[in-house]
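Asker: For reference, the sequence and a predicted model appear below.
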Amino acid sequence: DVKVTQSSRYLVKRTGEKVFLECVQDMDHENMFWYRQDPGLGLRLIYFSYDVKMKEKGDIPEGYSVSREKKERFSLILESASTNQTSMYLCASSPTADVAGELFFGEGSRLTVL
Amino acid sequence: KQEVTQIPAALSVPEGENLVLNCSFTDSAIYNLQWFRQDPGKGLTSLLLIQSSQREQTSGRLNASLDKSSGRSTLYIAASQPGDSATYLCAPRQGPSASKIIFGSGTRLSIRP
């Protein structure tokens, strides 16, 4: 089975702190994604990566950056956390960019910024 | 721009019933459509993936159908159980890149024992 692991299930940070959310997948997938999920707004794509060191902005990249130094690991970085970044963050991966690719998600990281 | 609607937003039924969850999308030019379930406070679990060339896909008590021309997909759950209680989301893909997946807002399903 595909496994996507998010290192932190719950985090509480203070405004202005730098926050790292880590995600690791074990199926050699080329594509990795970061979403956030908020009540009434659904899932929104923050960033995605289709290869090591490659990244593209999603729909809401402002206030976030990402890093993909190894194929299996994709990190989301909040340079200076703000209260409006309190949310559920979901990492996902999928096989190479062909039309059949299934999307697999991690368990999520619930971030609270005080 | 693709819009995905899931009706009803919430559904409560007694255990044992067969039920249908609906997903409609405005742009029929999709590559595939994936159904997920999400338990409270958890990530999304993939249930079924239907390719654009397929009409339906089955896994155990679940059957998903796809009618591209009418912009609809349904998820059929047979003999529902309390463990099926969750939010179900559909997600059509608009292009070859997986970044083109659009998520519906989900149907929150509750199965009463």
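Answerer: Cool, the structure landed.
Asker: Any regions of chain B where pLDDT drops low?
Answerer: Low-confidence segments of chain B (pLDDT under 70): B:98.
Asker: Run through the bridge partners of B:V13.
Answerer: Note on B:V13: beta-bridge partners by DSSP bridges are B:I111.
Asker: What residues does it make contact with?
Answerer: Going by CB atoms under 8 Å, 6 or more residues apart in numbering or on different chains, B:V13 touches B:19, B:80, B:109-112. All C-beta spots, glycine's among them, are computed from the backbone N, C-alpha and C.
Asker: who in chain B is up against chain A?
Answerer: Proximity of chain B to chain A (CB under 8 Å from any CB of the partner chain) is limited to residues B:31-32, B:34, B:36, B:41-46, B:49, B:51-52, B:89, B:91, B:93, B:96-99, B:101, B:103-106.
Asker: residue boundaries of the helices in chain A?
Answerer: With helices called from DSSP state H, chain A shows none.
Asker: The spatially most central residue of it pairs with what?
Answerer: Nearest to the geometric centre of chain A sits A:W34, at 2.6 Å (CA atoms, centre = their mean). Taking DSSP bridges as the rule, A:W34 bridges to A:Y47, A:C91.
Asker: Give me the pLDDT for it.
Answerer: A:W34 carries a pLDDT value of 97.
Asker: Now do it against A:S93, distance only.
Answerer: A:W34 is 11 Å from A:S93, where distance means CB to CB, to the nearest Å.
Asker: for B:P92, same thing?
Answerer: Distance of B:P92 to A:S93, given as CB to CB: 19 Å.
Asker: how about A:G16, what does it touch?
Answerer: A:G16 sits in contact with A:80-81, where contact means CB under 8 Å, 6+ apart.
Asker: make it 10 Å
Answerer: Counting by CB atoms under 10 Å, 6 or more residues apart in numbering or on different chains, A:G16 touches A:79-82, A:113.
Asker: For it, grab phi and psi.
Answerer: Phi and psi for A:G16, reported as degrees, to the nearest 10, are phi 90, psi -10.
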